[in-house]
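S.K.: Build me a model from this:
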Amino acid sequence: MADDRAAHISSTSRDASLTAEIGIDENTPLLVTGRDVSETTTAYESSVTADTSGDETQVGDAAEDDKPLPMTQILFLCAARLIEPIAFFSIFPYVNKMCRENGSLEEADAGFYSGLIESLFSLTQMLVMVFWGKAADRLGRKPVLVFSMAGVTVATSLFGMATTIWEMIVFRCLAGVFAGTILIIRTMISEHSTVKTQARAFSLFGFTGNLGILFGPLIGGVLAEPTTQYPGIFRGILFFDKYPYALPSFAVGAIGLVITLVCAIYIEETLPSKIAARRGSEETGISPPPPAKATMSTWELIKAPGVALVLYTSQHIALLAFAYTAVAPVFWYTSIALGGLGLSPLQISLFMGLNGLSQAVWLLLVFPPLQSRIGTNGVLRVCAIAYPAFLAIPPLLNILLRGGFTLTFWISAPILMALGCGVAMSFTAIQLALNDVAPTPQVLVSRRMPDYDELRRRRERKVNAGVD
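M.R.: Reported below is the predicted structural model:
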């Protein structure tokens with residue numbers, strides 16, 4: 001009992017000294033200082049193994065923190081990150097017109113079906129996300145990621161050949177079912193990085209997501225209806241007369257296919273149990289038994305400090321963001337007389353491309369210094385204040401067009417939209433908050449907890465081997 005109490009006191013003092021040494025306070029940026037879940041896990045692992053490894057444990061943990069970022073692997077994962085936003089946003093410039101043509105709908109009715117089809121991707125994705133997390137824990141990160149990317153690629157390629165509303169719904173739902181890439185990629189980046197390198201890794205992760213938002217609509221708007229937009233090249237090609245929206249879908253599919261093949265060949269597995277099994281097999285020729293699975297129940301996870309509030313805030317931000325994402329293309333397509341802007345598919349793609357570019361600029365140039373100055377909570381508060389003004393921009397632009405101020409509209413619209421896209425910083429801020437309150441990095445992909453008994457046994461074997 002006395003030994004256990006002494007070990008507990010020693011562990012507590014080490015954690016306190018670690019916090020004091022790093023200098024964490026409420027205004028400290030989460031990623032820059034390493035105030036995240038991986039640090040908590042490292043401290044806990046150190047306390048678990050303190051009795052058996054002594055100073056060697058501290059040296060090992062320090063060496064682990066100094067591990068360089070595997071930039072090649074991070075870049076491959078960032079490339080994989082491109083597939084989902086490109087597939088999601090590529091249909092937005094033309095989906096309203098496609099719904100009207102496939103369903104023989106009136107202009108006023110097209111908004112309902114286009115909004116439904118746009119949202120079904122996110123709805124089905126939400127329903128299967130937990131499944132993808134569990135599959136990645138059981139089968140490995142890499143095979144599940146590659147399978148997910150392949151599914152999104154095929155479903156998006158087929159969407160452009162849909163000739164009825166129901167076919168559009170089926171292909172969109174199918175793409176959402178396979179859209180588990182963001183969950184797995186985020187976890188793999190976390191497993192590749194350390195406290196010192198994760199800031200750079202997650203900055204690239206967020207930036208490539210915005211690149212997908214930029215290029216997806218551009219592909220859809222530029223390549224839709226090729227026989228009409230580029231008659232000198234595609235005139236007389238009956239296939240594109242019958243399927244005017246197949247070309248952008250095929251282009252997205254080709255991008256997805258190339259990235260999927262590259263990732264299947266070059267991406268490395270990061271699931272700790274798979275890595276340990278492979279190393280054990282290489283050293284002894286015998287595969288070690290799988291470690292015991294310690295899990296948290298959903299209720300236990302929600303009751304963890306700060307988790308419930310951050311989850312609610314995350315869902316609130318997602319509701320605002322995806323509501324705008326679904327409504328904006330409908331608003332831009334609808335005629336001025338019915339309250340919209342009356343834009344063409346190409347103009348819609350340019351507006352959405354501007355959104356993606358603006359978000360990338362806000363994320364790279366504004367978010368880091370702003371978070372350093374006012375903290376993650378401060379960024380969330382600023383975005384909450386700005387959201388009502390951002391959502392008021394489209395109706396104000398319609399008022400300009402109704403009044404005949406066309407030149408004023410084309411001058412002010414890009415400026416207002418670029419400034420309003422600053423609210424997208426809330427997505428990155430809430431991701432940092434999720435990382436901060438998660439009990440362990442593992443629960444970011446599923447509810448599985450790390451097997452600390454197995455960690456202790458491995459460290460003991462390593463120490464004994466050194467003694468012998």
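S.K.: Compute the number of surrounding residues for Leu416.
M.R.: Neighbourhood size, Leu416 [other Cβ atoms under 10 Å]: 17. The C-beta positions use only the backbone N, C-alpha and C, and glycine is treated the same way.
S.K.: I'd say it and Pro395 touch.
M.R.: No: when contacts are counted by Cβ atoms under 8 Å, Leu416 is not listed as touching Pro395 (11.8 Å).
S.K.: after the helix or strand harbouring Gly133, next one along is what?
M.R.: Counting by DSSP states H and E, the element that carries Gly133 is helix 107-139. Going down the chain from helix 107-139, the next helix or strand is helix 141-159, by DSSP H and E.
S.K.: Not counting its own residues, what contacts the following helix or strand past that following helix?
M.R.: Next helix or strand after helix 141-159 toward the C-terminus (DSSP H and E): helix 165-177. The contact list for helix 165-177 (Cβ atoms under 8 Å, 6 or more residues apart in numbering) reads 87, 91, 95, 98-99, 102-103, 113, 116-118, 120-125, 128, 151-152, 155-156, 158-159, 162.
S.K.: Now with 7 Å, please.
M.R.: 87, 99, 102-103, 113, 117, 120-125, 128, 152, 155-156, 158-159, 162 (Cβ atoms under 7 Å, 6 or more residues apart in numbering).
S.K.: One more: stretch 390-409?
M.R.: Stretch 390-409 is contacted from outside by Tyr324, Ala328, Phe331, Ile336, Gly339, Gly340, Leu341, Ala413, Leu416, Met417, Gly420, Val423, using Cβ under 7 Å, 6+ apart.
S.K.: By neighbour count, sort out the buried ones in these.
M.R.: Buried members of these, counted by 16 or more other Cβ atoms under 10 Å: Tyr324, Ala328, Phe331, Gly340, Leu341, Ala413, Leu416, Met417, Gly420, Val423.
S.K.: Identify the farthest-apart pair in the residues you listed.
M.R.: Greatest spatial distance in the buried ones among the contacts of stretch 390-409: Gly340 and Val423, 21.5 Å, computed using Cβ to Cβ.
S.K.: where's the spatially most central residue of the chain relative to Val366, distance?
M.R.: Closest residue to the average C-alpha location of the chain: Ile182 at 4.2 Å, with Cα atoms, centre = their mean. From Ile182 across to Val366, the span is 23 Å (Cβ to Cβ, to the nearest Å).
S.K.: Please apply the same query to Pro248.
M.R.: Noted for Pro248: a distance of 31 Å to Val366, by Cβ to Cβ.
S.K.: So the two - more neighbours on which side?
M.R.: Between Pro248 and Val366, counted using other Cβ under 10 Å, the more crowded position is Pro248 (29 against 13).
S.K.: Only alpha carbons, please: show whichever strand or helix holds that one as PDB.
M.R.: Applying DSSP H and E as the criterion places Pro248 in helix 246-266. The C-alpha trace of helix 246-266 is given here as PDB (Å, rounded to 0.1, in the frame of the first residue of the first chain):
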ATOM      1  CA  ALA A 246     -21.000  13.000 -66.900                       C
ATOM      2  CA  LEU A 247     -17.700  14.800 -67.700                       C
ATOM      3  CA  PRO A 248     -17.200  16.500 -64.300                       C
ATOM      4  CA  SER A 249     -18.100  13.300 -62.500                       C
ATOM      5  CA  PHE A 250     -15.600  11.300 -64.600                       C
ATOM      6  CA  ALA A 251     -13.000  14.000 -63.900                       C
ATOM      7  CA  VAL A 252     -13.600  13.700 -60.100                       C
ATOM      8  CA  GLY A 253     -13.500   9.900 -60.500                       C
ATOM      9  CA  ALA A 254     -10.200  10.000 -62.300                       C
ATOM     10  CA  ILE A 255      -8.600  12.200 -59.600                       C
ATOM     11  CA  GLY A 256      -9.900   9.800 -57.000                       C
ATOM     12  CA  LEU A 257      -8.700   6.800 -58.800                       C
ATOM     13  CA  VAL A 258      -5.100   8.100 -59.100                       C
ATOM     14  CA  ILE A 259      -5.000   9.200 -55.400                       C
ATOM     15  CA  THR A 260      -6.500   5.900 -54.300                       C
ATOM     16  CA  LEU A 261      -3.900   3.900 -56.200                       C
ATOM     17  CA  VAL A 262      -1.000   6.000 -54.900                       C
ATOM     18  CA  CYS A 263      -2.200   5.600 -51.300                       C
ATOM     19  CA  ALA A 264      -2.700   1.900 -51.700                       C
ATOM     20  CA  ILE A 265       0.900   1.500 -52.700                       C
ATOM     21  CA  TYR A 266       2.700   4.000 -50.600                       C
END
